[in-house]
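Trainee: what follows is a predicted protein model with its sequence.
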Amino acid sequence: MTDGSQRGDSERATAPEPTRRQLLGALGGAAVAAGAYGYGTGSREAEQLSDSHPASRAHVEAATAVADAIYPQSVAVDESFVENAVFRRVEPTPGHFDALVETIEAVERHASARFGASVTGLSPGTRRQVLQSMNVTAVHAMPDGTTAERVRFYLLNDLLYALFTSPRSRPLTGIENPPGHPGGLAAYRRAPGGDE
Amino acid sequence: MVLPVQRSGMVVSSGWVAVGAGVGFALTIGSTTAAVPAVYPAAVLVAAAFAVGPSVTLGGAAGVIIHDLFRGAVGLWTAELAVWMLAYAGLVAWLDPDRTPGAPTWAARTALLACLVAGAYATATAAWLTAVLGGEPFYTGGVDFLPGLLVVVVGALLGGRLRESVPPLFAEERSHTPRVAADSAAPRPRRFDRRRGAALLGLGVVGVLWLVGAIGLDAFAHDLGKFGSENELRNYAGNLFGTGTLVAALGVSVLVGVYHYGDLVVRLSPLLVGCVVLSLRWFVSTRRLPDWGAVASDRRPTDD
């Protein structure tokens, strides 16, 4: 061992250096404090849609933001449409709305962790990135599968179902009266494909 | 070119852990702001392990966890990323059995091989964990980390060059062990040890087979899951392969087997791989392989 290295070792020995336990304690403390701060600022007032409905206004906003990202640009998305067509419909199966809310929250948490903001605070392009990052676009929809598969089943499929079973999809499909949306007397008087 | 692999893994450097935590936190914030996949900053922190040791990766994983805590959004993505980083750096440290401070370093091709081997196992482990915990299927999780693997390889090569160029920068990491020598700042290159290289290659083949095989099987089983029942699948397979031939019977059996047990095989794959690796180790230890060109008395020959 050389003199230089001995001198270096003695200097390091006299310098105050935190022990491993102190360092881990500091890291843990920082994590707890940061977590408490994050959860504290991230919580929002939950305004439920109704007493029996598990979804809140925040869930409707998040679902509308996702719809804005996945619907074609020719389709205008508004919150009332998503609320009525997705959240206020008859529940398809027991527990469906609970699962829908869970998947929305999973997307929200992922967006917050990996994209730094809530889904509603991101651009439509970045929202699509959120879904791709969760690999929602690379899996099949399965109600009892992984989180990505459940997001595809409960959130994306519900939003697409709402779109394609409403007259809003007419520019895309050409179907003016999807099931459940009769056109009324005027529609029956028109010639096929005609305006009158 | 010499690419040093972690050389003082016996000691966790508190300083490098702190640096890694800070850098990991900052890089993750940067990646979320720029909407860049988090695997890239994680890969940078893993690559740093090749230059300064696994302590920095340990701190980096802590930084990622602290970031997600700060966001109030700890989830499977946090565990997946932290496990990938820690498994990668840990495997690299484990693959280099010589931890003495003045030990010669691996040759570049051996280090590159170790980098790929550790990457395959770490990626498969992280993807398996996410699949088991219900985050996403194995194949999507595995594919997500492949760009990170490329970044680690490039970063490890650059890190090796950096360590060669400015060795005093990394002297502190080595000095945590008492046996510091003055010439330890200039690591001696280790000649390619064919025996160790062959073992590494075997380990790598098993790891790559695990990763690629499980990704393929999982994706196939996932697609077959679209069939509502076995009868639907049998009807489809009957149209595809025909009936009454050996190929048809075999094809239908394979499809039905994957349909029922593909997911289970993927979930149990670590056990299978563990058995194969242990068997391989037993085989190598019981059978003395020829040591092509290596010096018999020195298992770590150098170019000196």
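Mentor: That came in fine, so what should we check first?
Trainee: what about the stretch 101-250 of chain B, any weak spots by pLDDT?
Mentor: Screening the stretch 101-250 of chain B residue by residue with the criterion pLDDT under 70, one finds the ranges B:101-108, B:160, B:163-194.
Trainee: try it again with 90
Mentor: Regions of the stretch 101-250 of chain B meeting the criterion pLDDT under 90 cover residues B:101-116, B:135, B:153-203, B:226, B:228-229, B:235-248.
Trainee: show me where it has its helices.
Mentor: All helices of the stretch 101-250 of chain B, identified by DSSP state H, counting those that start in this stretch, fall at B:108-133, B:138-165, B:171-174, B:194-224, B:230-241, B:246-286.
Trainee: between helix B:108-133 and the last one, find me the angle.
Mentor: Using axes from the mean of the first three to the mean of the last three Cα atoms, to 10 degrees, the inter-axis angle of helix B:246-286 relative to helix B:108-133 is 120 degrees.
Trainee: the second one too?
Mentor: Angle, helix B:138-165 to helix B:108-133, by the same axes, to 10 degrees: 150 degrees.
Trainee: sorry, back to before: ok, and which of the helices of the stretch 101-250 of chain B has the densest surroundings?
Mentor: Each of the helices of the stretch 101-250 of chain B was scored by mean neighbour count; the highest is helix B:108-133, a mean of 23, by mean count of other Cβ atoms under 10 Å in any protein chain shown. No exception for glycine: its C-beta is placed from N, CA and C like everyone else's.
Trainee: for that helix, packing partners?
Mentor: Where contact means 3 or more Cβ pairs under 8 Å, 6 or more residues apart in numbering or on different chains; DSSP states H and E, helix B:108-133 is packed against helix B:76-95, helix B:138-165, helix B:194-224, helix B:246-286.
Trainee: between the ones you listed, which gets nearest to chain A?
Mentor: Each of the helices and strands packed on helix B:108-133 was checked against chain A via Cβ to the nearest Cβ, and the shortest separation belongs to helix B:138-165, namely 3.8 Å.
Trainee: chain neighbours aside, what residue packs nearest to B:Leu280?
Mentor: B:Gly202 (5.7 Å; Cβ to Cβ, 6 or more residues apart in numbering or on different chains).
Trainee: go on, B:Pro54?
Mentor: What sits nearest to B:Pro54 in space, not counting adjacent residues and going by Cβ to Cβ, 6+ apart, is B:Ala89, at 4.0 Å.
Trainee: that neighbour reaches B:Ala43, doesn't it?
Mentor: No. The pair B:Ala89 and B:Ala43 fails to qualify as a contact (Cβ atoms under 8 Å) at a distance of 11.2 Å.
Trainee: so which of the two has more stuff around it?
Mentor: B:Ala89 (30 against 26; other Cβ atoms under 10 Å in any protein chain shown).
Trainee: and the pLDDT at that one?
Mentor: What the model reports as pLDDT for B:Ala89 is 89.
Trainee: ok, it to A:Thr137 distance?
Mentor: When distances are taken as Cβ to Cβ, to the nearest Å, B:Ala89 and A:Thr137 turn out to be 31 Å apart.
Trainee: where does pLDDT dip in chain A?
Mentor: Applying pLDDT under 90 to chain A flags residues A:1-53, A:72-78, A:89-90, A:116, A:163-196.
Trainee: all helices of it, in order?
Mentor: The residue ranges that make up the helices of chain A, judged by DSSP state H, are A:3-14, A:20-42, A:57-70, A:79-82, A:96-115, A:124-133, A:147-150, A:157-164, A:170-173, A:185-189.
Trainee: tell me how many other residues surround A:Glu176.
Mentor: Other residues near A:Glu176 come to 12 when the count uses other Cβ under 10 Å.
Trainee: repeat that for B:Ala79.
Mentor: The criterion is other Cβ under 10 Å. On that basis, B:Ala79 has 17 neighbouring residues.
Trainee: for B:Ser55, find the nearest of the helices and strands packed on helix B:108-133.
Mentor: Minimum separation from B:Ser55 across the helices and strands packed on helix B:108-133 (Cβ to Cβ) falls at helix B:76-95, 8.9 Å.
Trainee: tell me the centre residue of the chain?
Mentor: You didn't say which chain, so I picked chain A. For chain A, the residue sitting closest to the mean C-alpha position, by Cα atoms, centre = their mean, is A:Val107 at 3.2 Å.
Trainee: actually chain B
Mentor: A centroid search over chain B (Cα atoms, centre = their mean) returns B:Gly119, at 2.4 Å, as the residue closest to the centre.
Trainee: from B:Gly159, how far off is it?
Mentor: When distances are taken as Cβ to Cβ, B:Gly119 and B:Gly159 turn out to be 15 Å apart.
Trainee: what's the answer for A:Ser166, then?
Mentor: 56 Å.
Trainee: start to end distance for stretch A:63-83?
Mentor: With Cα to Cα, to the nearest Å applied, stretch A:63-83 spans 9 Å between its terminal residues.
Trainee: tell me which residues of it come out buried.
Mentor: For stretch A:63-83, burial by neighbour count (16 or more other Cβ atoms under 10 Å in any protein chain shown) applies to A:63-71, A:75, A:77, A:81-83.
Trainee: and if you look at stretch A:90-104?
Mentor: The neighbour-count check on stretch A:90-104 (16+ other Cβ under 10 Å) flags A:96-97, A:99-104 as buried.
Trainee: reformat those residues as a markdown table; add distance to chain B.
Mentor: Formatted as a markdown table, the buried residues of stretch A:90-104 follow (distance: Cβ to the nearest Cβ, whole Å):
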| residue | distance to chain B |
| --- | --- |
| A:His96 | 19 |
| A:Phe97 | 20 |
| A:Ala99 | 13 |
| A:Leu100 | 17 |
| A:Val101 | 16 |
| A:Glu102 | 12 |
| A:Thr103 | 12 |
| A:Ile104 | 14 |
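Trainee: residue of the stretch 201-304 of chain B with the smallest distance to chain A?
Mentor: Scanning the stretch 201-304 of chain B for the residue nearest chain A gives B:Lys226, at 5.8 Å (criterion: Cβ to the nearest Cβ).
Trainee: nearest spatial neighbour of that residue, skipping sequence neighbours?
Mentor: Distance criterion Cβ to Cβ, 6+ apart; nearest residue to B:Lys226, sequence neighbours excluded, is A:His140 at 5.8 Å.
Trainee: and if you look at B:Gly251?
Mentor: With Cβ to Cβ, 6+ apart as the measure, B:Phe241 is the residue that lies nearest to B:Gly251, at 4.2 Å, once sequence neighbours are left out.
Trainee: and the one you found, how far from B:Val256?
Mentor: Here the criterion is Cβ to Cβ. By it, B:Phe241 lies 12 Å from B:Val256.
Trainee: do the same with A:Tyr161
Mentor: Taking Cβ to Cβ as the criterion, A:Tyr161 is separated from B:Val256 by 31 Å.
Trainee: B:Val23 now?
Mentor: B:Val23 is 50 Å from B:Val256, where distance means Cβ to Cβ.
Trainee: over to B:Ile65?
Mentor: For B:Ile65, the distance to B:Val256 under the criterion Cβ to Cβ works out to 43 Å.
Trainee: do A:Asp158 as well
Mentor: Between A:Asp158 and B:Val256 the distance is 32 Å, computed by Cβ to Cβ.
Trainee: and for A:His53?
Mentor: For A:His53, the distance to B:Val256 under the criterion Cβ to Cβ works out to 42 Å.
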